[in-house]
Every structure is written in structure tokens, then in C-alpha cells.
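Participant: what would the 3D arrangement of this be:
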Amino acid sequence: MKHPYQLALLTLGIGAALGSVTHPAKAQSNELPRQPILLAASNVEEVRVTSRRREELAQSVPIPVTVVSGELVADSGAFNVNRIKELIPSVQLYSSNPRNTALSIRGQGTTFGLTNDGIDPGVGYYIDGVFFARPAITTLDFIDVERIEVLRGPQGTLYGKNTTAGAFNVTTAKPFFDRDAQVELSVGNYDYAQLKGTFTGPLSENVAGRLSFSTTDRSGTLTNIRTGEDVNNIENWALRGQLLWNVSPSTEARLIAELSRQDPNGYAQVFAGSVRNLRSEYRQFESIIADLGYEPPRDPFAREIDHNTEWRSGNDIGGLSLNIDTELAGGTLTSTTAWYYWDWRPSNDRDFLGLDALSRSQASSDHEQLSQEFRWAGMINERVDGVFGLFAIRQELVSDPFHREELGADQWRFVSPNAASEALYRTPGLFEGFGTDSNPGLTTFSAALFGQLDWTLTDKLNLLTGLRFNYDEKDVDFQRSATGGIPLTDPALLALRAGQYTDQAFKASIDDDNLTGTLTLNYALTDAIHVYGTYSTGFKPVGLNLGGLPTDNGRIMTELSVIRPEEVQHYELGVKTSPLPGATLNFVVYQTNIDDYQAQVQTADIAVNRGYLANAEEVSVKGFEADARAVLGNFTLQAAYAYTDGKYDKFTNAPLPLEEVGAAVSFKDISGGKLPGISENALSLGGEYAQPLQLFGNNGEFFIGIDSYYRSSFSSSPSPSLYLNIDGYALANARLGFRGDDSWSAFLWVRNLTDKDYFEQLLPGAGNAGHYAAVLGDPRTFGLTLRYTF
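Facilitator: Below is the predicted model of the structure:
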């Protein structure tokens with residue numbers, strides 16, 4: 001744990017000061033601002049974005065960008081990225097726990113399945129200009145969100161960290177020089193309770209502060225029938241303090257200190273089924289559990305488990321950032337300095353059963369990142385605008401104290417090859433308590449120079465050129481020792497143990513550099529129609545396997561310790577139109593080709609039950625996207641559609657899918673197969689009706705809104721499988737209530753209105769015995785939100 005209490009004292013100190021000083025207003029609004037809304041609105045204000053490091057109209061930006069307002073986030077109950085994805089069909093997020101979270105755009109960016117800490121994300125996640133390196137940040141509750149901009153496609157010439165698939169750019173509200181406050185209470189079924197608040201005001205003539213907090217609790221949506229406990233509850237809290245200093249008329253400094261914690265009894269997965277593989281009848285999953293006298297809960301949507309290992313997901317993130325903006329040479333020079341930590345304290349039942357097979361899987365980790373970005377954005381002359389930046393980040397990841405995998409008393413039956421061997425494999429204490437202690441240490445340094453020029457060639461034609469030079473260093477020291485269990489001297493028994501876990505050790509020190517760029521032509525056919533075409537290249541640095549290495553006939557495959565970098569070529573054609581006042585209609589087609597795609601794959605080797613990284617030689621993703629919005633009187637309507645076709649063009653040495661385990665070979669050619677996690681068709685539709693209303697002397701509006709989301713079926717297996725596929729599903733969310741202008745608001749909301757049962761992810765059990773588990777989508781939830789601004 002890295003100094004959370006000092007951070008808490010700092011943030012609370014800001015809050016205490018807010019109530020002790022009163023100063024004249026400095027031309028700021030007396031109310032918490034209502035932001036322009038793209039996906040839900042009762043006004044026709046045009047949407048402005050800062051995704052290109054300057055404020056401009058979204059419709060004039062030659063980048064596919066979606067904006068979600070803080071108001072929609074609050075009113076729809078979309079309090080984290082997993083809920084926001086239902087508003088943006090090009091976004092995918094899969095999470096079996098905060099560490100094992102994959103955020104992708106157009107099916108690219110993060111490996112599907114369990115996370116390997118040795119690779120960089122392809123989707124950049126930024127909060128107030130700070131890049132966050134670990135995907136666990138995406139599972140935290142939003143706090144004080146002003147807007148969220150989602151950019152699709154490579155963004156390396158605009159953002160500090162190289163991003164090959166896109167970026168999430170989250171902007172939060174700044175402190176005000178008028179005293180203001182807002183509190184919000186939400187209650188709902190499953191004992192849901194969320195309390196949020198923000199307080200802002202002056203601390204001196206030139207300094208303002210802001211203190212915000214959020215706490216969310218909910219009972220579990222699963223029941224452990226063995227213990228009677230609710231599982232997969234929510235237990236989150238966050239605290240955030242800010243100071244805004246107007247140093248001079250041309251310089252502003254913003255200091256942020258924050259803490260967030262999640263500590264649920266959860267992210268458990270339910271038993272979802274089993275398949276027949278190519279092993280003998282004796283080694284089929286159903287034969288194994290029959291011999292052990294075990295019957296799992298068969299109906300996943302009964303939401304019952306019988307696991308005998310506690311599920312915990314302790315997820316702590318906190319840190320400090322300092323952002324300084326100063327007007328310089330016709331533009332703005334920005335310095336963003338940040339230090340953040342991530343502490344991960346899990347407990348998982350990785351056999352997904354009530355048996356004692358893989359009894360412990362705990363990868364406790366500590367991560368720290370220190371980053372610095374300098375960026376200038378502004379006008380060079382009347383016809384050229386520019387962005388130039390320098391970025392550096394250092395990361396350190398260590399185990400705390402080690403990653404533990406441990407077998408249980410029932411493991412013998414999963415690995416015994418036949419009935420004749422049972423006596424030997426059932427030797428008391430042979431597997432029980434035997435496991436590994438792993439110490440993966442990773443240190444990385446990344447630095448980049450990047451820039452983009454926007455050339456006004458004519459009144460209608462613009463040329464955008466951008467370059468990025470990237471340098472990366474990575475050092476890994478992986479040490480794994482096989483420990484535990486009763487002492488053995490019999491060579492035959494020692495050999496059986498070695499077939500499960502062995503010592504592993506490897507070190508690697510690598511550095512690499514790369515030059516990427518972008519070229520865009522943007523043409524205004526009319527004031528209401530803009531067309532653009534983009535060619536860009538991207539680069540994801542070398543990867544390092546930090547979950548252990550697989551074996552091939554007893555040989556540790558050390559050649560997989562280092563994974564080649566990804567190289568991306570991206571082509572895009574788009575049109576943005578404003579056919580009517582208050583209406584937009586946009587289209588884009590794209591093709592992305594990736595060489596040496598970094599994939600996370602799963603095998604039957606229990607020594608790498610979390611999977612390992614490998615390179616697929618060639619991958620391509622192509623698609624078509626359309627989005628529309630219209631404000632028609634009191635109605636706001638919006639729609640977005642994404643067609644995505646992702647496949648392995650060439651992957652000749654991929655692991656076998658679950659049903660082919662036991663074949664004469666351990667790898668196969670899956671060239672032409674579909675990439676996992678991608679629905680060919682995804683669609684979001686929504687609308688809101690708002691009517692001005694005065695209620696109990698409070699001016700505001702009555703509103704009723706509904707948002708729906710559909711996605712077609714998709715693969716949930718890195719190697720295409722006949723069984724690990726998820727059917728398409730549709731969801732609907734609704735809200736109804738009164739939204740006050742400057743006092744109180746109250747509204748009802750419901751998510752998953754039809755109580756649809758659906759899977760978010762399917763995961764093979766450790767060792768690929770034939771069974772698989774599921775991450776379930778939330779059942780129907782509903783509640784009431786009360787908000788008061790004063």
C-alpha cells in the first residue's frame with residue numbers, strides 16, 4: 001500500500017478549507033454547469049470536444065469520436081465503463097475481475113481473456129490528461145465526470161502514450177470560484193445504495209478547491225449454496241480533492257489527489273457447461289466428476305455457485321497529478337505530471353467448482369507509474385495549427401509477496417491418465433497443497449516525441465500530417481518455484497508433481513524504437529458536409545510473458561518469453577454531415593491490418609492456467625460505422641451502428657480450442673478464423689422526451705428516456721471453438737423523472753428492463769478438462785435517484 005492515508009488527508013484538507021473562506025466570484029456560474037450532450041439532450045447546443053488538444057466542434061473533427069456527457073452518465077446509472085459501452089457499439093469491455101479487464105475499440109487494443117501484465121494496452125485511457133497503464137482503472141466508479149470522449153483509430157500523434165486502437169478521454173469538472181455543492185443519493189433493488197457529493201468554492205482570491213466523493217454498495221447477484229453468502233456484491237468508494245490556482249491571467253495550475261477502493265466478495269464465475277474433448281472416456285469431464293461424486297449447479301442463470309475458495313477482488317488505485325496550462329507563442333503549453341499506484345489483492349477459485357482441484361489462484365501485485373507530458377497546441381500562422389509533445393512514463397510492477405497457485409486433494413482425478421494409474425495418482429498428499437510461488441518483476445520506460453500539423457490548403461481543404469517517435473525499454477525478472485505439499489523422495493511421485501508445476505526462471509532486457517505517423521485529408525463539401533480520408537500507422541511495443549511459460553514435452557518454451565511488437569496500418573474514409581439544424585449523420589469505413597498481433601492464448605498446461613502471450617502473424621479488422629442524432633422539438637433521438645469483421649489472416653501455431661484438447665498435436669493453424677470478442681453487428685438506439693415544468697417552485701423539466709443496445713453473437717475463445725460462443729442479446733434501460741435547473745431533481749431508473757439472461761464472457765476451466773464458466777450480465781436492477789444542488 002502506497003501512502004493512501006496521506007492522500008486522504010490531503011483531499012480532506014481541501015474539503016475542510018472550502019467551508020472556511022469566502023471571496024468574491026470570479027465570473028463563474030453559481031450553479032454546477034450542465035454540459036452539452038451528444039447522446040441525450042433537451043437542447044440544440046453543438047457538441048464541442050478537446051480530443052485534438054484544442055476546443056472545436058465535434059462535427060468538424062476528422063476523427064470518429066463519440067461524446068457522452070456527464071449528465072447522461074449520472075441520469076442513466078452508467079457509473080463505469082462497463083455500462084458506458086452500451087451507448088457506444090464500437091466499444092467492447094470484458095472483465096472477469098478488475099485485473100483481468102480488456103478494453104477494446106473495434107475489437108482491438110487489449111488481449112481477450114485473462115490479462116498478461118507484460119504488454120501495453122492498445123486503447124489509451126486518460127483522465128484529465130493522465131494516462132493510466134493498468135486496465136483495472138476502467139472498473140472504478142466515475143466521479144465528477146464532465147464528459148467522456150471516445151476516439152476510434154490510432155491516436156499516437158495526439159496523445160502521450162501510443163495507442164493503436166483508440167482512446168478514452170475522460171474530463172472531470174474543475175473547481176469553481178463560486179461556492180457550490182451537489183449531493184446525490186440512489187437506492188434500488190439488491191440493496192443498492194450510492195451516495196455521491198461534490199463541494200467547490202474559493203480558498204483565496206486566486207485559488208479554488210473541489211472535494212468530491214462517491215460510495216457504492218450492492219448485495220451480490222449470485223448465491224454460494226455451500227456457504228449461503230451473497231457473491232458478486234459491490235463495495236466501492238472514492239475520494240477526490242482538487243486545487244485550481246490562477247497563477248496569472250495566462251497561467252493556470254490544477255492539482256488533483258485521489259483515492260479509490262473496491263473490495264467486493266466477488267467477481268465469481270458460474271459453471272456454464274462442459275464439452276467432450278479428444279481425450280479418452282476416462283478423462284472426460286463428466287466421467288471425472290462422476291467418479292468424485294460431484295454434481296455442479298447446472299443452470300447458470302439460477303445464479304448459484306458452490307465454490308470452496310473465497311472470491312475477493314481488492315482493487316486500490318490512487319495518486320497525484322499536476323496540470324499547468326500557460327499561454328505561450330499563440331498557443332497553450334501544457335505540463336502534466338502524475339504519480340499513481342495500483343494495489344491488487346485477489347482470491348479466485350480457478351477450477352470454478354465446488355471441488356478442491358485448483359484450490360488457490362492469487363496474483364497479488366503492486367504497480368507504480370510516474371509520467372510526464374509536455375505539450376504545446378496552438379496556431380503557428382493563419383493557415384497552420386499544430387500540436388507538439390514530449391511524453392515519458394516509468395512503470396514498476398512487483399508481486400506482493402508472490403503469486404500463488406495451489407492444487408487441492410481432488411486434482412489427482414483431473415490428471416490421472418487412466419484407471420490403472422489411480423493408485424499412484426491418489427497417493428495421499430501428492431498434490432494437496434502443492435503449487436508455485438511466482439515473483440514476476442517488471443520495469444518499463446517509454447518516451448516519445450509526437451506532433452501533428454493541420455494545414456489549411458484552401459478554405460475547404462485541410463491536410464493533417466503527424467509523426468511519432470517512440471522508444472521503449474522493458475526489463476523482466478521472472479522467478480517461479482514449485483513449493484508445498486508433503487515431502488517426497490519417490491522418483492515416480494516426484495515426476496508426477498513435476499508434470500503439474502516446475503521451477504521456472506528467465507530474465508529479459510529489451511529496448512526498441514519506432515516511427516509512426518498519420519496523414520489525413522479533410523474537405524468541406526459544404527458547411528454541413530465534411531469528408532475525410534486517413535492513412536495511419538501504429539505500433540505496440542514488445543511484450544513479455546509474465547504469467548509463466550508453457551512446456552513442450554517437458555521443455556520450457558523460453559522462446560516465448562519475449563513477444564514481437566505489433567505493427568499496424570490503418571485506412572479510413574468518413575463523412576460527417578449536419579443535414580438539419582440540431583441533427584447530425586455520420587459514416588465511416590475502415591480497414592486495419594496488424595502484423596505480429598499480440599494474442600493471449602489458453603492451453604491445457606496448468607502451469608500457465610492464466611494463459612500466455614503469443615504472436616499471430618497477421619490479423620485484419622474492417623468495418624463500417626454510422627451514427628445519427630436529431631433534436632426534434634422536445635425529443636432527442638440518437639442511433640449508432642457498427643459492423644465489425646475481425647479475423648486471423650494468418651495464425652499457424654495457435655493453441656487448440658477446448659473441444660480439441662487431447663489431439664495428437666498441441667497447436668493448430670486457425671488462419672481465417674474469427675477474432676474473439678467481436679460481434680459483427682452492434683447497435684444502440686435511444687431517445688429522450690423533455691418538457692419544461694415548474695414543480696414545487698423549482699424550474700426544470702420532466703423527462704422520460706430509453707436507451708437500447710444490441711450485439712450479435714461472438715466468439716469467447718482465442719482459438720475459434722464450436723462451443724465457447726455467446727449468443728447475441730438485446731438490452732434496454734429507461735429513466736423517468738424531474739430534472740431541476742438549480743435545485744433538486746428526482747427520477748426513477750431501470751437497467752436491463754426485460755431482465756434478459758445473457759453471458760458476457762465464457763472461460764475454460766484451468767487445465768482445459770472440458771468444463772467452462774461464465775461471466776454473467778447483471779439482472780434487472782431498478783431504483784430511485786435524488787439529487788440536490790445548493
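Participant: low pLDDT regions in the stretch 101-250 of the chain?
Facilitator: For the stretch 101-250 of the chain, not a single residue meets the criterion pLDDT under 70.
Participant: right, I mislabeled it, should have said the chain
Facilitator: 1-49, 51-54, 554, 604, 607, 609-610.
Participant: what residue is smack in the middle of it?
Facilitator: Central residue of the chain (Cα atoms, centre = their mean): Leu103, 3.7 Å from the mean position.
Participant: doesn't Asn80 make contact with it?
Facilitator: No. Shown here, Leu103 and Asn80 do not form a contact pair, counting by Cβ atoms under 8 Å, at 11.3 Å. C-beta coordinates here come from the backbone N, C-alpha and C atoms, glycine included.
Participant: shared neighbours of those two, anything?
Facilitator: Taking Cβ atoms under 8 Å, 6 or more residues apart in numbering as the contact rule, Leu103 and Asn80 both touch Thr138.
Participant: ok so, going back, for the helix or strand the residue nearest to the centre of the chain falls within, packing partners?
Facilitator: Assigned by DSSP states H and E, Leu103 belongs to strand 101-105. Counting contacts by 3 or more Cβ pairs under 8 Å, 6 or more residues apart in numbering; DSSP states H and E, strand 101-105 packs against strand 91-95, strand 123-127.
Participant: what lies in contact with it?
Facilitator: Strand 101-105 is contacted by residues 81, 90-95, 109-113, 115, 121-123, 125, 135-136, 138-139, 150, 152, 165-166, 168, 677 when judged by Cβ under 8 Å, 6+ apart.
Participant: by how many degrees do it and strand 123-127 diverge?
Facilitator: Between the axes of strand 101-105 and strand 123-127, defined by axes from the mean of the first three to the mean of the last three Cα atoms, to 10 degrees, the angle is 100 degrees.
Participant: now the strands for the stretch 251-400 of the chain?
Facilitator: 251-262, 270-274, 304-305, 312-328, 331-347, 358-381, 384-407 (DSSP state E, counting those that start in this stretch).
Participant: picking up where we left off before, so what pairs up with the residue nearest to the centre of the chain in the strands?
Facilitator: Counting by DSSP bridges, Leu103 forms beta bridges with Leu93.
Participant: for stretch 57-70, the distance to its chain's centre please.
Facilitator: Offset of stretch 57-70 from its chain centre (Cα atoms, centre = their mean, to the nearest Å): 20 Å.
Participant: gap between the two ends of it?
Facilitator: For stretch 57-70, the first-to-last residue distance is 18 Å (Cα to Cα, to the nearest Å).
Participant: for it, buried residues please.
Facilitator: Going by neighbour count (16 or more other Cβ atoms under 10 Å), the buried part of stretch 57-70 is 58-70.
Participant: among those, which ones are in strands?
Facilitator: Mapping those onto strands (DSSP state E) picks out 65-69.
Participant: closest to Asp410 among these?
Facilitator: For those, the minimum distance to Asp410 (Cβ to Cβ) is 47.0 Å, reached by Val68.
Participant: shouldn't that closest one be in contact with Leu87?
Facilitator: Yes. Val68 is within contact range of Leu87, at 5.9 Å (criterion: Cβ under 8 Å).
Participant: residues touching Phe414, list them.
Facilitator: 288, 357, 767, 769.
Participant: most neighbours, which of those?
Facilitator: Counting neighbours by other Cβ atoms under 10 Å, Ala357 leads the contacts of Phe414 with 28 neighbours.
Participant: now that one: closest residue in space that isn't a chain neighbour?
Facilitator: Spatial nearest neighbour of Ala357, excluding adjacent residues (Cβ to Cβ, 6 or more residues apart in numbering): Asp351 at 4.1 Å.
Participant: how about the helices in this structure?
Facilitator: Counting by DSSP state H, the chain has helices at residues 4-18, 70-75, 81-84, 285-291, 411-415, 422-425, 491-498.
Participant: any chance of a markdown table for the helices and strands packed on strand 101-105, columns distance to Ala338 and mean neighbour count?
Facilitator: Formatted as a markdown table, the helices and strands packed on strand 101-105 follow (distance: least, Cβ to Cβ, whole Å; neighbours: other Cβ atoms under 10 Å):
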| stretch | distance to Ala338 | mean neighbour count |
| --- | --- | --- |
| strand 91-95 | 23 | 23 |
| strand 123-127 | 9 | 24 |
